[in-house]
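Visitor: coords please:
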Amino acid sequence: MTAKKELLGSLLFAWGANSYGQLGLGHKEDVLLPVRVTQGLASIGNIKCLVGGGGHSAIITDDRTIWTCGSNAFGQLGLPQHLGESTLPLPIKTLNGKAVEIAAGLRHALAVTAEKGLVFQWGVGMKSLANRGLQTLPVPAFMSAREPCEVPGFGHVKVKHVSAGAYHSACITDQGWLFVWGSNKYGQLLSSDDFLPLPFFIQPHHFEGEKITLVRSGWTHIVARTERGQVYTWGRADYGQLGRKIKSTQDSMCKSNVIQSRFTPEKVPELTGASQITCGSEHSLAAVGDSILSWGWNEHGMCGDGTEVNISEPRQISFFRNYIPAAIGTGAGHSMVLCRSAGQSGGDFKACPEEQAVCQGNPETATT
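Guide: Reported below is the predicted structural model:
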């Protein structure tokens, strides 16, 4: 079954912060509850993958073209000829290859190409931190680009998936290796260096030796899923964005023990077997079975529960109990879900696991 037939009849919903037009609705007003998108992002073709950044969103359509909308103040739309924001999606025409996955950070974005598994980055969000962190060393060209620019260091491997934080990026290869680069201010890159200008390999012992099949980044935290479906989180945790309690030694009064537990990858049992995971700045969504779970920062209502109260552990979004998720996406303060009604035939990504792996990952098929 082709992806076009598979997604026929699916519905696109979006909600949350929209001050730059990042929801693709043609306006810039915030949306507190999920609203069906009937123009913009929903009118340009069948959707393969969707993501959101600080004030911008990006999707891949079935012809492998990337479309972006929202803020372009730092070149994060990948459209150097377009000044200012866009409330409706525009295509990127300068990517060297067909896109199979995308990721959006605070002020940058990434893509993986189908042919060689290369990584491209654009947006200048990391540049100032790179200047300070590298001092007299040159800043890599891909950190200063306003259109897709290749990230060096992957000539010997094939990258399958990418992820972007506020000022860091991550990717995994077809062998299940995890690489990271950028800012390490909150220890989210598991390195002793403050800034990593080039891809850095994270050792598998952090995940009990298992291969990584999916990686997602918040602004300053990371979520990773292993080949057995275990989900690990680490990094900053003050909005509940790790989805778990922060551990410390029972008899210790030393704050550093609490900080160390945040910087150590640990499992979140409620997310075991998640087929899809996506992170906003400090909130996340996950598809576990036919349920959509959310947790973390909720100031703009992006956790989808009708409140603006932070959620510290994964919780099902009741609005979607009669829907089956096909794809999920998040921006800094907004969320999107592509789904179908539970009684509707077609549109379920479970029927086509290879396409699910392309969009958000599948623990059964992914080398993702």
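
Visitor: all contacts plus neighbour counts: C-alpha atoms, from now on.
Guide: Fine.

Visitor: pairing partners for the host helix or strand of L90, with directions?
Guide: Using DSSP states H and E, L90 sits in strand 86-91. Based on DSSP bridges, the pairing partners of strand 86-91 within the sheet are strand 66-70 (antiparallel).

Visitor: only C-alpha atoms, please: export the strand it pairs with in CSV.
Guide: Written as CSV, here are the backbone C-alpha positions of strand 66-70 (Å, rounded to 0.1, in the frame of the first residue of the first chain):
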residue,chain,number,x,y,z
ILE,A,66,10.3,20.2,2.4
TRP,A,67,7.7,22.9,3.1
THR,A,68,8.3,25.5,5.9
CYS,A,69,6.3,28.2,7.6
GLY,A,70,6.6,30.6,10.6
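
Visitor: what's in contact with it?
Guide: 20-24, 55-61, 77-78, 85-92, 99 (Cα atoms under 8 Å, 6 or more residues apart in numbering).

Visitor: and the next helix or strand past the strand holding L90?
Guide: strand 99-104.

Visitor: could you give the angle of that next one to strand 66-70?
Guide: 20 degrees (axes from the mean of the first three to the mean of the last three Cα atoms, to 10 degrees).

Visitor: one step back: what's the average pLDDT for the strand holding L90?
Guide: The average pLDDT for strand 86-91 rounds to 90.

Visitor: I'd like to know how far N131 sits from H108.
Guide: 16 Å (Cα to Cα, to the nearest Å).

Visitor: so for the two, which residue has more residues nearby?
Guide: H108 (33 against 14; other Cα atoms under 10 Å).

Visitor: for the nearest residue to that one once chain neighbours are set aside, grab phi and psi.
Guide: Nearest residue to H108, sequence neighbours excluded (Cα to Cα, 6 or more residues apart in numbering): G123, at 4.1 Å. Main-chain dihedrals, G123, degrees, to the nearest 10: phi 100, psi 140.

Visitor: wait, G123 sits on A141?
Guide: No. If you go by Cα atoms under 8 Å, G123 and A141 don't touch, sitting 10.9 Å apart.

Visitor: these two: which has the busier surroundings?
Guide: G123 (30 against 15).

Visitor: just give me the neighbour total for the nearest residue to T272 once chain neighbours are set aside.
Guide: Nearest non-adjacent residue to T272, counting by Cα to Cα, 6+ apart: Q230, 5.0 Å away. Counted by other Cα under 10 Å, the residues lying close to Q230 total 22.

Visitor: tell me which stretches of the stretch 151-300 of the chain form helices.
Guide: 255-262 (DSSP state H, counting those that start in this stretch).

Visitor: meant to ask about the stretch 1-150 of the chain
Guide: Counting by DSSP H, counting those that start in this stretch, the helices of the stretch 1-150 of the chain are 3-6, 127-134.

Visitor: buried sites along the last one?
Guide: For helix 127-134, burial by neighbour count (16 or more other Cα atoms under 10 Å) applies to K127, L129, A130, G133.

Visitor: does L293 really touch A286, like I thought?
Guide: Yes. Under the criterion of Cα under 8 Å, L293 makes contact with A286 at 5.1 Å.

Visitor: what residues are up against E270?
Guide: By Cα under 8 Å, 6+ apart, the neighbours of E270 are P314.

Visitor: outside of the strand holding L90, which residues touch it?
Guide: Outside strand 86-91, the residues that reach it (Cα under 8 Å, 6+ apart) are 20-28, 40-41, 65-72.

Visitor: so which of these sit within strands?
Guide: I66, W67, T68, C69, G70 (DSSP state E).

Visitor: flag the shaky bits of the chain, pLDDT-wise.
Guide: Within the chain, the segments meeting pLDDT under 70 span 1-10, 39-43, 248-262, 343-368.

Visitor: go again with 50.
Guide: 1-8, 249-259, 346-368 (pLDDT under 50).

Visitor: beta partners of the residue nearest to E150 when sequence neighbours are not counted?
Guide: Ranked by Cα to Cα, 6+ apart and with sequence neighbours excluded, the top spatial neighbour of E150 is F120, at 4.2 Å. F120 forms beta bridges with A111, E150, as assigned by DSSP bridges.

Visitor: F120 and A104 touch, don't they?
Guide: No. F120 is beyond contact range of A104, at 11.8 Å (criterion: Cα under 8 Å).

Visitor: between those two, who's got more neighbours?
Guide: A104 (34 against 24).

Visitor: number of residues surrounding G296?
Guide: 29.

Visitor: now do it against G289, distance only.
Guide: 20 Å.

Visitor: would you check that Q276 makes contact with A286?
Guide: Yes. Counting by Cα under 8 Å, A286 is a contact partner of Q276 at 5.5 Å.
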